[in-house]
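> coordinates for the following, if possible.
(4 chains)
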Protein chains: 2
Amino acid sequence: MLPRDATIGVRTAGMPLPAMAGMGLAGMALVGTTVTLRRDQSLFLAGDAASHVYRVMAGCVRSLALMPDGRRQVAEFHLPGDLLGLDGREAHLLSAEAVGDAILLRFPRRQLEAEAVRDPAAARGLYDLACRSLETAQRRLMVLGRKTAAERLASFLLEMAERTGGDRRFDLPMSRQDIADHLGLTIETVSRVFSQFRRKGLIALPTAQRVELRDHDAVEAASGDCAA
Amino acid sequence: MLPRDATIGVRTAGMPLPAMAGMGLAGMALVGTTVTLRRDQSLFLAGDAASHVYRVMAGCVRSLALMPDGRRQVAEFHLPGDLLGLDGREAHLLSAEAVGDAILLRFPRRQLEAEAVRDPAAARGLYDLACRSLETAQRRLMVLGRKTAAERLASFLLEMAERTGGDRRFDLPMSRQDIADHLGLTIETVSRVFSQFRRKGLIALPTAQRVELRDHDAVEAASGDCAA
DNA sequence: CGGTTTCTTGAGCGCCGTCAAGTAAGGTGG
DNA sequence: CCACCTTACTTGACGGCGCTCAAGAAACCG
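Here you go, the predicted model:
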């Protein structure tokens, strides 16, 4: 078992305005605290007070729900630049854990919301953020509700390619188990579909983590989406 | 095929402030327009400009995504008092259709957002709204990703019971097909699980639409949730 | 009362989960 | 640098849950 306390290193730092641009909260003068997490360490648990919002600076963080019998559903992978912690207004609905070692910036939610009262642009930024999360979550509903295993993995690979810079080649920071729990599959099925894609020439797998899209159009066709 | 135009009757009306309380936008002096929809008529389509927000006054509205091959995913059922139209900031991500005949109030989104700039309380209301939708969507991820057919239907029945007033008896406004497309199942599986619940004495089904929870605790146990 | 739609039930099958074993990769200590 | 151990990933065999196809029952409606 891992230690409950999430923070290895904490350092308070002024947040330069340009770095906030990606948040759509450029107008806010905020002070963030650096949080360092080791692989699999938890940042917060479902039910914890939703007191902070985080921005991933390096590494990858997963937000997930757990059923009493151990079934896992990874709602989202948060990559560098992404924000997390907006799940739930009072208490977190999801737990958050580092996929690999990760560095984050932490902002008091209270401070953000106070700023939003003073500054309509900041309020708008918070609102946009919530809307964007909502859009992402709703896209996942179709994947989980109606897509086959192959379609799910194809969708996931395309999404990851786009989010990691749009290159044909990229590394998956998360394990097969994490991918399975994100796509509503088992680790074996994920592995089998990876192999199936490789045999068909859709992708290459130099290592288990590294993915190369060899036939982008075919992967898109396999994803089941109309266009993308 | 149904007519594309969604509006049967439209009537402009002042929105009394108390009626907005449920929106968390009590401070906003808004003028809404009444929209009447017939069964299966569409309110807007995915891709349409997200120009309005709606509040269901009577009936039930479903918001859904469609795959090119016809697969459907009903993201949400909106009951009286609920708001919809916040999916997507520019364009709607989902289509919205009346489940049965329905009456809604329509508000220009631009007007809401303009009001949010002037009034921090209104901005907070919009933000809360988006957050609440996000919470709901994330709860659905676990249902679609990790639950069995029986667990999905049990969860759904409990949710509907609560949302329709908390009574043990309630009517389902939507068809088996709608339920199936909401839970990521087929109509046959939904029907079979209904029958299975009836045989086990968990529920009674005076008619296909009417549901009576005969053993609330057993239904909860069947839903797979820790507590509720 | 006939026709249509919706719901239910049954039979068979397929996708994916389960169980199990094997292989590769990574980390540690000698 | 290598032996060893651990962990992660892959692959195979098999079974079950839920889908498909099909028919029958019930409700709804003109």
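> can you pull the residues of chain A lying near DNA strand D?
Counting by Cβ under 7 Å from any atom of the strand, chain A comes close to DNA strand D at A:175-177, A:187-188, A:190-192, A:194-195, A:205, A:208-209. Glycine gets a C-beta too; all of them are placed from N, C-alpha and C.
> go again with 6 Å.
Selection of chain A residues close to DNA strand D by Cβ under 6 Å from any atom of the strand yields A:175-177, A:187-188, A:191-192, A:194-195, A:205, A:208.
> report the buried members of these.
Neighbour counting by 16 or more other Cβ atoms under 10 Å in any protein chain shown classes A:175-176, A:194 among the residues of chain A next to DNA strand D as buried.
> pLDDT, distance to B:Asp82 and secondary structure added to these, as TSV?
Output for these, formatted as TSV (pLDDT from 0 to 100; distance: Cβ to Cβ, whole Å; DSSP: H, G, I helix; E, B strand; the rest coil):
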residue	pLDDT	distance to B:Asp82	secondary structure
A:Ser175	98	39	coil
A:Arg176	98	39	helix
A:Phe194	98	41	helix
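> that older thread, within reach of DNA strand C, which of the residues of chain A next to DNA strand D are there?
Counting by Cβ under 6 Å from any atom of the strand, A:Glu188 from the residues of chain A next to DNA strand D sit close to DNA strand C.
> mind checking if the lengthiest helix in chain A is in reach of DNA strand C?
The longest helix of chain A (DSSP state H) is helix A:120-146. No. Using Cβ under 6 Å from any atom of the strand, helix A:120-146 stays clear of DNA strand C, coming no nearer than 10.4 Å.
> A:Thr136: what's it in contact with?
A:Glu76 (Cβ atoms under 8 Å, 6 or more residues apart in numbering or on different chains).
> for the nearest residue to A:Arg146 once chain neighbours are set aside, what are phi and psi?
Distance criterion Cβ to Cβ, 6 or more residues apart in numbering or on different chains; nearest residue to A:Arg146, sequence neighbours excluded, is B:Arg71 at 4.5 Å. Backbone torsions of B:Arg71, given as degrees, to the nearest 10, read phi -60, psi 140.
> and B:Arg71, how far from B:Ala180?
For B:Arg71, the distance to B:Ala180 equals 11 Å [Cβ to Cβ, to the nearest Å].
> quick one, which of those two is more surrounded?
B:Ala180 (23 against 16; other Cβ atoms under 10 Å in any protein chain shown).
> A:Leu84 against A:Tyr54, yeah?
Yes. The pair A:Leu84 / A:Tyr54 is scored as a contact, 5.3 Å apart, by Cβ atoms under 8 Å.
> may I have stretch A:71-79 as CSV, with CA atoms only?
Taking Å, rounded to 0.1, in the frame of the first residue of the first chain, the C-alpha atoms of stretch A:71-79 are listed here in CSV:
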residue,chain,number,x,y,z
ARG,A,71,-13.8,-2.5,-10.3
ARG,A,72,-12.1,0.6,-11.6
GLN,A,73,-13.2,3.3,-14.1
VAL,A,74,-10.6,5.8,-15.2
ALA,A,75,-12.6,8.8,-16.1
GLU,A,76,-9.7,10.8,-17.5
PHE,A,77,-6.0,11.0,-18.0
HIS,A,78,-4.6,14.4,-17.4
LEU,A,79,-1.5,15.3,-19.4
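> so where does the nearest residue to A:His182 once chain neighbours are set aside fall, helix or strand?
Nearest non-adjacent residue to A:His182, counting by Cβ to Cβ, 6+ apart: A:Val74, 3.9 Å away. Following DSSP states H and E, one finds A:Val74 within strand A:72-78.
> about what we covered before: overlap of the contact sets of A:Leu84 and A:Tyr54?
Joint contacts of A:Leu84 and A:Tyr54 (Cβ under 8 Å, 6+ apart) are A:61, A:96.
> model confidence score at the residue nearest to A:His182, please.
Per-residue confidence at A:Val74 stands at 98 (pLDDT).
> which residue, other than its chain neighbours, is closest to A:Cys226?
Nearest to A:Cys226 is B:Pro68, by Cβ to Cβ, 6+ apart, at 4.7 Å.
> A:Leu104 reaches A:Val35, doesn't it?
Yes. In this structure, A:Leu104 is within contact of A:Val35 by Cβ under 8 Å, at 4.6 Å.
> tell me which element A:Pro33 falls in.
Careful, residue A:33 is Thr; it's not Pro. Assigned by DSSP H and E, A:Thr33 falls within strand A:31-37.
> ok, now A:Arg89?
Using DSSP H and E, A:Arg89 falls within no helix or strand.
> ok, it touching B:Asp128?
Yes. Using Cβ under 8 Å, A:Arg89 is in contact with B:Asp128, at 6.5 Å.
> re the thing from before, wait, isn't the residue nearest to A:Arg146 in contact with A:Val143?
No. Applying Cβ under 8 Å, one finds B:Arg71 not in contact with A:Val143, separated by 11.3 Å.
> so which residues of chain A form helices?
A:109-118, A:120-146, A:149-163, A:176-183, A:187-199, A:216-223.
> which stretch among these comes nearest B:Ala161?
Closest of the helices of chain A to B:Ala161 is helix A:120-146, at 22.0 Å (criterion: Cβ to Cβ).
> what about that closest one, distance to the chain center?
Mean C-alpha position of helix A:120-146 versus that of the full chain (Cα atoms, centre = their mean, to the nearest Å) differs by 13 Å.
> without its sequence neighbours, what residue ends up closest to the spatially most distant residue from the centre of chain A?
Outermost residue of chain A with respect to the C-alpha centroid, by Cα atoms, centre = their mean, is A:Arg118; its distance is 29.8 Å. Computed as Cβ to Cβ, 6+ apart, the closest residue to A:Arg118 that is not its neighbour in sequence is B:Pro120, at 7.8 Å.
> quick one: contacts for the one you found?
Counting by Cβ under 8 Å, 6+ apart, B:Pro120 touches A:116-118, A:120, A:123.
> what's the nearest residue to A:Leu93 if we skip its chain neighbours?
Leaving aside its chain neighbours, A:Leu93 sits nearest to A:Asp87 (4.6 Å; criterion: Cβ to Cβ, 6+ apart).
> tell me the pLDDT of the one you found.
pLDDT recorded at A:Asp87 is 89.
> burial check on A:Lys200, number of neighbours?
The burial count for A:Lys200: 14, using other Cβ under 10 Å.
> just A:Arg199 next, same as before
9.
> kindly report the same for A:Ala91.
Neighbours of A:Ala91 (other Cβ under 10 Å): 14.
> now do A:Glu115
So A:Glu115, with other Cβ under 10 Å, has 20 neighbours.
> quick one, what contacts A:Gln177?
Counting by Cβ under 8 Å, 6+ apart, A:Gln177 touches A:Ile187.
> and the pLDDT at it?
pLDDT at A:Gln177 comes out at 98.
> distance check, it against DNA strand C.
Separation of A:Gln177 from DNA strand C (Cβ to the nearest atom of the strand, to the nearest Å) stands at 12 Å.
> low-confidence bits of chain A, can you list those?
Chain A contains residues with pLDDT under 70 at A:1-30, A:227-228.
> please repeat the previous calculation with a cut-off of 80.
Within chain A, the ranges that satisfy pLDDT under 80 run A:1-31, A:226-228.
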